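Asker: My questions concern the predicted model and sequence given below.
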Amino acid sequence: MGGRPPKIDPAKNRISVNLSDVEYADFLTLFEKSGVHSMASFIKARIFNETFRVVKVDGSLLEYTQLLSSLYGQYRAIGVNYNQTVVTLKSKFEERKALAMLYKLEQQTVELVLISRQISELSQKFKELWLQKSASADHSQGQ
């Protein structure tokens, strides 16, 4: 025989519940916070008092990671432009003038490195703060 193997105890009984618009909105909010993939599983867990996790998505974390990812792309672009600039300076200008311009470029690079360090420090602080929030949320769910 083909097809799916039959279940030992198939779920064939259906229950219907009518909710007002406000109740349904509250239900959807709880469902979204739960992180459960199907409404049926969520409702069963609520009826039979099974425990389930509540997943909260921190919008600031998502936005921060997206901006940080785009920043790395910009660094790559700066690196390519940096290389092209150095090659052009060496080939188009006399040595003294090229060195003077490279000195200015070097100063800007030092400033960029300092900013990168600040970004790294802020990222570390953000990570520690996020981990603290996560740990306190896990601790409060365990009680």
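Answerer: Received the coordinates, thanks.

Asker: Can you give me the neighbour number for Trp130?
Answerer: Residues lying near Trp130 (other C-beta atoms under 10 Å) number 14. No exception for glycine: its C-beta is placed from N, CA and C like everyone else's.

Asker: now it, nearest residue through space, not along the chain?
Answerer: Counting by C-beta to C-beta, 6 or more residues apart in numbering, Leu61 is the residue found nearest to Trp130 once chain neighbours are left out, at 6.1 Å.

Asker: Can you give me the domain boundaries for the chain?
Answerer: When the chain is parsed into structural domains using automatic domain parsing, the resulting residue ranges are 20-55, 59-142.

Asker: What average pLDDT does the last one get?
Answerer: If you average the pLDDT over domain 59-142, you get 81.

Asker: same deal with the first one?
Answerer: Model confidence over domain 20-55, given as mean pLDDT, is 82.

Asker: I'd like to know how far Lys104 sits from Thr85.
Answerer: In this structure, Lys104 and Thr85 are 11 Å apart, going by C-beta to C-beta, to the nearest Å.
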